[in-house]
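Chemist: Please work out how this folds:
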Amino acid sequence: MRESSAQNPVSILAVIVLYRTHAADSPAFNTLLAAKANLDSAQTHLQILLHDNTPELLDPGPLPDDVRYEAAGRNAGLASAYNRALSIAQQDDCTWLLILDQDTTLPPDFLSRISQVAAKVEPDPGIAAIVPRMLDHGRPVAPVFMRFWGPSYAAAECQGTSAREVHATNSATLFRVSSLKQIGGFSPYFWLDYLDGYVFHQIFAHGGKIYIAREIEVVHELSLLHGGDLTPERFHNILRAESAYWDLYGTPVQRLAFDARLLLRTQRQKSRGHTAAITQLTWNELKRRVFHSKAHRIQEWKCEMELQISNSSASVNDTLQDVPSISVCMAAYNGERYIKAQLQSILPQLRATDQVIIVDDASSDRTREIIASLQDHRIRLIQNDKNQGVLRGFEEAIRAASGDILFLSDQDDLWAPDKVPWTLRIFQLHPNANVVVSDAALISEQGVSIAPSYYAQLGGFRSGVLQNLIHCRYLGCTMAFRSRIRKEILPFPAGHSVLHDLWIGALNAFLGGETIYIDRPLVHYRRHPRNVTGNQRLPLARQLQIRWGLFASLITVWFRRQFGSGSNQLSSRR
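Modeler: Next comes the predicted model:
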């Protein structure tokens, strides 16, 4: 890990964790960008990561080119998001990690001022974090000193390095990456609540010091102090985490003081507008602490958290063994508006050894520049000098692919975060299957949901040849296939009007290959006026032309196999 010298700029990765909020609606993101505009790039190198914990895939909308967006696809909590950011910070050799809640409001000079502090204290590796003063409606809420009876708000004049145990909110705190690595990162047990208490206690327990930057003030509303939108379920999690923290790390006096605060809290909650359900939960937690032992409470909490962790982060990929290599095949043409978001939905699901093959069909817009700006070694861009059409674009991408499993991808859709693991799991469970097709949800040009199921509108998926001669049921962006059938499907028929997805699916079925359908929308299929295919029903003459082209091509294959040297069916072995 690099520790900057006087000649090196301060290196910061800022992470904002989003939950059911678009980046454009996040006060933290908007004020961070404003603060970045006042930053001296020669003195501070800033990277920004948006980590979206929204279970439903959200279109992030237009983002600056230097902002990295990752969709978790499930609410795996803050700890998971922060650990992901910590991993990126280590990989990119960042010295500092700035954590921000989506609703924190930063002053315009925040980055420039906290960077100056970081440059000053960076030579001292014992300083693990820099914390500003946090205000909630003008009331100071952090930092706090941990005294023998519990937390005590730090006086406004407190400034500089503290020898005491200091706690603050994770949001707006600048953590030293090496210090977070020393304590083992963020605990999955405190996956969502009281994570800040855990982290600051661990820093102190490992000998780290906190620098209080009292001249920097940040505004953040704490839901615990207000009625607002705090639900009983959410408050239950907060109470259990808070109670577990004091049971695990508090002294007997501090635990008694916490019990007393719970009693007082029931009265304050009534005056602050909390519902009767919230007040009752506080009272129930107090009774739980009185009538159950500390060991029982800790064990009960751990069981709850392990179940929550399992439900939130379990993935079909967890049980995969011998994961095959992946190639994503994409034909692109004038895709500057959507292709970055699509690639950002794909790349986090791939390993370092996987690849994305993109054939750019002589685009006249910024498609190539946008692809290059991602600077991802897994992307291979093939550039055509003249436009050859979508069919030849996919054929060229498939020829260039080296993976065991080939995924087809359009340039303007979005992949669900679990598309790859789900598909690989199905291939693993069905070793004889050559093709896997999933359902797709329909979204508008702006990313708004139109329909939850593409195939429900068609009456379901059918893989047979006859059904697809009547009505095409294959949608390329939902398809993946084993590389072993590439020699069968290529070259695509010349001289006939054949759709690439219909050809792959129908030929596989025609030659006896197995297709598995996943009744789950793993793609968000975007409908807009510039769709190359599928935007509206084709004229009858064009439909008949495509069906005749498919029929004639299949008959040609049959004759070649009957009277030539080819085999009669697709191989079911790798």
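Chemist: what about the closest residue to residue 73 other than its chain neighbours, how many neighbours?
Modeler: In this structure, residue 73 finds its nearest non-sequential neighbour in residue 417, 2.5 Å apart by Cβ to Cβ, 6 or more residues apart in numbering. All C-beta spots, glycine's among them, are computed from the backbone N, C-alpha and C. For residue 417, the tally of surrounding residues (other Cβ atoms under 10 Å) stands at 22.
Chemist: give the contact list for residue 417.
Modeler: Under the criterion of Cβ atoms under 8 Å, 6 or more residues apart in numbering, the neighbours of residue 417 are 57, 71, 72, 73, 74, 345, 348, 349.
Chemist: Please apply the same query to residue 482.
Modeler: So, once contact is read as Cβ under 8 Å, 6+ apart, residue 482 ends up touching 404, 405, 406, 427, 433, 434, 435, 574.
Chemist: Sort out for me which of these are in strands.
Modeler: When these are checked against strands using DSSP state E, the ones located there are 405, 406, 433, 434, 435.
Chemist: and the fourth one, what does it touch?
Modeler: Yep, that's residue 434 we're talking about. The contact partners of residue 434, taken as Cβ under 8 Å, 6+ apart, are 481, 482, 484, 485, 508, 513, 514, 515, 570, 572.
Chemist: again, but for the last one
Modeler: For residue 435, the contact set (Cβ under 8 Å, 6+ apart) comprises 463, 479-482, 485, 504-505, 508, 513-516.
Chemist: Which one of the residues you listed sits in the busiest neighbourhood?
Modeler: Neighbour max across these (other Cβ under 10 Å) = residue 505, 30 neighbours.
Chemist: Which positions within the helix or strand harbouring that one qualify as buried?
Modeler: Counting by DSSP states H and E, the element that carries residue 505 is helix 500-510. Residues of helix 500-510 classed as buried: 500, 501, 502, 503, 504, 505, 506, 507, 508, 509, 510 (neighbour count, 16 or more other Cβ atoms under 10 Å).
Chemist: what does stretch 374-386 give?
Modeler: For stretch 374-386, the buried set under the neighbour-count rule, 16+ other Cβ under 10 Å, comprises 374, 378, 379, 382, 384.
Chemist: ok, then the element right after the worst-scoring helix or strand of the chain on mean pLDDT?
Modeler: The least trusted helix or strand in the chain, going by mean pLDDT, DSSP states H and E, turns out to be helix 465-470, with a mean of 64. Sequence-wise, the next helix or strand downstream of helix 465-470 (DSSP H and E) is strand 479-482.
Chemist: list the helices and strands the following helix or strand past that next one packs on?
Modeler: Following strand 479-482 in sequence order, the next helix or strand is helix 486-489 (DSSP H and E). Contacts of helix 486-489 with other secondary structure elements, assessed using 3 or more Cβ pairs under 8 Å, 6 or more residues apart in numbering; DSSP states H and E, are made with helix 390-400, helix 500-510.
Chemist: Recalculate using a threshold of 6 Å.
Modeler: The helices and strands touching helix 486-489, judged by 3 or more Cβ pairs under 6 Å, 6 or more residues apart in numbering; DSSP states H and E, number zero.
Chemist: Report the distance from that helix to the chain centre.
Modeler: The chain centre lies 34 Å from the centre of helix 486-489; the measure is Cα atoms, centre = their mean, to the nearest Å.
Chemist: buried set for it?
Modeler: By neighbour count on 16+ other Cβ under 10 Å, the buried set for helix 486-489 is 488, 489.
Chemist: Just the CA coordinates for that helix, please, in CSV.
Modeler: Coordinates of each C-alpha in helix 486-489 appear next as CSV, following Å, rounded to 0.1, in the frame of the first residue of the first chain:
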residue,chain,number,x,y,z
ARG,A,486,-20.1,-23.2,-32.6
LYS,A,487,-18.9,-25.5,-35.4
GLU,A,488,-22.5,-26.4,-36.0
ILE,A,489,-24.1,-22.9,-36.1
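Chemist: what is the rounded mean pLDDT of it?
Modeler: Mean per-residue pLDDT for helix 486-489: 90.
Chemist: one step back: counting neighbours, which of the contacts of residue 417 end up buried?
Modeler: Burial by neighbour count, judged by 16+ other Cβ under 10 Å, picks out 57, 71, 72, 73, 74, 345, 348, 349 from the contacts of residue 417.
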